[in-house]
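>>> sequence first, predicted model second:
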Amino acid sequence: MKKSIKTFKQISILILAITLLGCEDDAVLPKVVAGFTHTIDAQTGTVTFINISTKATNYSWDFGDGTSSTLIDPVKTYPSGTYTIVLKASNVAGASSSYEDTITINIPLGITLPVTFDTANVAYKVATFNGASFAIVDNPAVSGTNNKASKVGAITNSGKAFEGINFDLSAQVDLTANKTIKMNVWANAPVSVLLKLEKGTGADVEATTNHGGTGWESMSFNFTSSSKYTRLTLFVDGPGTKTGTFYFDDIEQIETPLPPCTPETAQSLLAPDFNLTFQTDPSASIVKDGGDFEWVTNPDISSALNTSCKVGKIVRSASLQYANTQINVASAFDFTTKSGFKMKVWSPAIGTKVTVKLEGGVVTEVLKTTTKANEWEELTFDFAGSATGNNKIVLFFNIDSFTTGTFYIDDFKLYGTGSGGGGTCTADAAESLNAADFNLTFNTNNVAVIQDGATYSRIANPKTDAVNGSCFVGSAINTNTNPWDNVQINLASKLDFNANAGFKMKVYSLKAGTKVTMKLEEIGAAGNNSGDVAVTRTKTGEWEELTFPFPATASGKFNKIVLFFDLESKNGDTYYFDDLKLYARSGGGGGGGGGTCTAPSGDFIADGGFEANAGCWQLINNGGLVSISTTINNGGSNSGQIKTAPLKNPALKQERFGVGVIQPNTKYVVKFDIKANAADMPADGAVFQVFAFSEPAEGSIDPATQHILNAGNANFPTNWETRSYTFTTASKVDGGVSILLELVCGGGSCRGTVNIDNVSLKLAP
């Protein structure tokens, strides 16, 4: 059996060998030939590849820039440059072939500065007009400011006026910072060259420079615009008729060179003709008290206001609240012959407070605020004649703050012919600190003012005018300690508001539109206060008289006056006040006020239409703003206005009216008109509330009984709407009734303003 198997294997091998020896090689693979051609869009750099490979089914392109494709006829966009493209073509049988070619892309570029005429792929599209012609040529005279062999532009004038060339730029010329364009110009005779910038974000601008006619010269064209432009127009002898060929090259924008500084005039540190020009270093006469001083070169010599070479540099220390720089003079200033000081100031910010304080006699100060940033401006500091006798200048930047900053001063000098520019001051009237006829005039320095966050001093009137010509006033400087910085005055007895309607006070400040708030308190009983009466100032930089009305019900309760300037705004601002005095109430009577605060027949609320504005209503700001509107009303001329803010509850209140007339356990009706202010619609949680109070006899230990007429009402009409509420008085109303209308805000962005008019309280029918 084994022998048979062996024989079979031998026969099989023999047959296989014969078969192989008899086979012919007739299976030839198809031959692949790779190849491509291409077209180039010279404007865009887009290449269209045309595949001319034969017997191929698969294609692999290497575009020579790191990208590839397997498309038959791909399209590829290149930036300018040279690229080697390789195509590998193959078929399913495995045959393959490669082909490569090199292409150069040269996309024409737009004209941008600097313009040299030497870049081959820049499309120098230059337009001519009025007869001029243009060409790009080789530099005809390698010399002067253009001593290199290069291409230049050639303008040929035909002899007509205002012939020239222009070209559009692909990138704007921005004159915001750098305002000078410089170019090389060739001319063989003196000629003017005008460069005009057009097609900009602002008006067209032009500048003319004269060429000396000496061949290649560098010419600069300075502009004052801060706009951006895309067209340059060039005239050689624009208005004239000069013929010939002129060449230009190397047009570029450069930083505007600084003009030469102006030498200082004579300097004087003497009181009669004080004039600190910084002609020489005044450091020997300057004391640094947190305001470091240095004599330096003017940092902004390009300013039209101040081109002087030397100025004073003051660096304020952030570690001192009252950092200052002092200048001592040998004798006293006389403000009967001079009006005050002028000083040029450079500050990095608008709103920088600059204070000039005089010491050595009657201490006085004047504060000004900068209106410009990063440029020079001149400030004027007027002083009244009463400032005469001081011989030290103390200069503050941002007084009463812990801030740093670098400031520059120059030309600090006396000016004018006397009395602070506002006339001679008037001697102050006699002063009374008695509650019965209180009249604080500052004619003496005897008033004991309590400083609670705000710093008080008696100073010379910083500005005498028609409202206040007195010589001395009070100064209150918020010390940035708390948002309720204030000054206080204690009285020996309690104030009477039966005969007096409230207080009047004159106020002066350079800060616009701030509130001045007066609160009356009982000494030793901080919780017993009158509520805030706030009045918003309407004038800036001049005196105005404000009125603070108080109801008759405030009589006999209060013997302390508390004054807030810009309450609830934490700052270091300065305010001046004067002639704080009581003013008489017209007529007599009670029940919420005498005279004009007498309720009409059948009603118990006085001045329900807010027409008299005689102190019948308490204007309780509580962080908002309550006022009498003279522009919004529902009949008559006025209305009460309540403006609220986040977490505030301002209110109108009339207190303890109808004493001896309003009956206990009796129904009464409160009625009023309400309208939301369209410009400040109550929103984001603002609600309106109305409360009445049955008051026990004044001095009683019994509490008042509160009647909730409406709480949490978020319905605010945009047109006048009448609302009416009924309540029953408590068993004790010996002290009359009080009514409170308030606009309450939660947190977040809560806000809103409402007006109230025609308030009444009558017996229920």
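Cool, the structure landed.

>>> now what about stretch 430-439, what contacts it?
429, 440-444, 446-447, 489, 491-496, 503, 559, 579-582 (C-beta atoms under 8 Å, 6 or more residues apart in numbering). For the C-beta atoms, the positions are set from N, CA and C on the backbone; glycine is no exception.

>>> what sits against Tyr59?
Asn51, Ser53, Thr70, Leu71, Ile72, Leu87, Lys88, Ala89, Ser90.

>>> coming back round to it: can you select the buried ones from the contacts of stretch 430-439 in PyMOL?
Here is the PyMOL selection string for the buried members of those, based on 16 or more other C-beta atoms under 10 Å:
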select buried, resi 440+441+442+443+489+491+494+495+503+559+579+580+581+582
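
>>> among the contacts of stretch 430-439, which ones are in strands?
Leu440, Ile489, Phe503, Asp579, Leu580, Lys581, Leu582 (DSSP state E).

>>> distance of the third one from Lys511?
Plainly put, Phe503 is 22 Å away from Lys511 if you go by C-beta to C-beta, to the nearest Å.

>>> that older thread, reformat the ones in strands among the contacts of stretch 430-439 as JSON lines; add distance to Asn374.
Shown next, in JSON lines, are the ones in strands among the contacts of stretch 430-439 (distance: C-beta to C-beta, whole Å):
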{"residue": "Leu440", "distance to Asn374": "43"}
{"residue": "Ile489", "distance to Asn374": "43"}
{"residue": "Phe503", "distance to Asn374": "44"}
{"residue": "Asp579", "distance to Asn374": "41"}
{"residue": "Leu580", "distance to Asn374": "41"}
{"residue": "Lys581", "distance to Asn374": "45"}
{"residue": "Leu582", "distance to Asn374": "49"}
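
>>> quick one: which of these is nearest Phe688?
Phe503 (30.1 Å; C-beta to C-beta).

>>> please name the nearest non-neighbouring residue to that closest one.
Closest residue in space to Phe503, ignoring its immediate chain neighbours: Phe548 at 4.5 Å, by C-beta to C-beta, 6 or more residues apart in numbering.

>>> and that neighbour, how many neighbours does it have?
Neighbour count of Phe548, defined by other C-beta atoms under 10 Å: 25.

>>> packing partners for the helix or strand where it lies?
Phe548 belongs to strand 544-549 when assigned by DSSP states H and E. Contacts defined by 3 or more C-beta pairs under 8 Å, 6 or more residues apart in numbering; DSSP states H and E place strand 544-549 against strand 500-508, strand 525-536.

>>> CA atoms of whichever helix or strand comes after it as CSV?
Counting by DSSP H and E, the next helix or strand C-terminal to strand 544-549 is strand 560-565. Taking Å, rounded to 0.1, in the frame of the first residue of the first chain, the C-alpha atoms of strand 560-565 are listed here in CSV:
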residue,chain,number,x,y,z
LYS,A,560,-30.5,119.3,66.4
ILE,A,561,-29.9,120.1,62.7
VAL,A,562,-28.2,117.5,60.6
LEU,A,563,-27.0,118.4,57.1
PHE,A,564,-26.1,115.8,54.4
PHE,A,565,-24.6,116.8,51.1
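
>>> state the mean pLDDT of stretch 391-398.
Stretch 391-398 carries an average pLDDT of 95.

>>> what residues sit buried inside it?
For stretch 391-398, the buried set under the neighbour-count rule, 16+ other C-beta under 10 Å, comprises Asn391, Lys392, Ile393, Val394, Leu395, Phe396, Phe397, Asn398.
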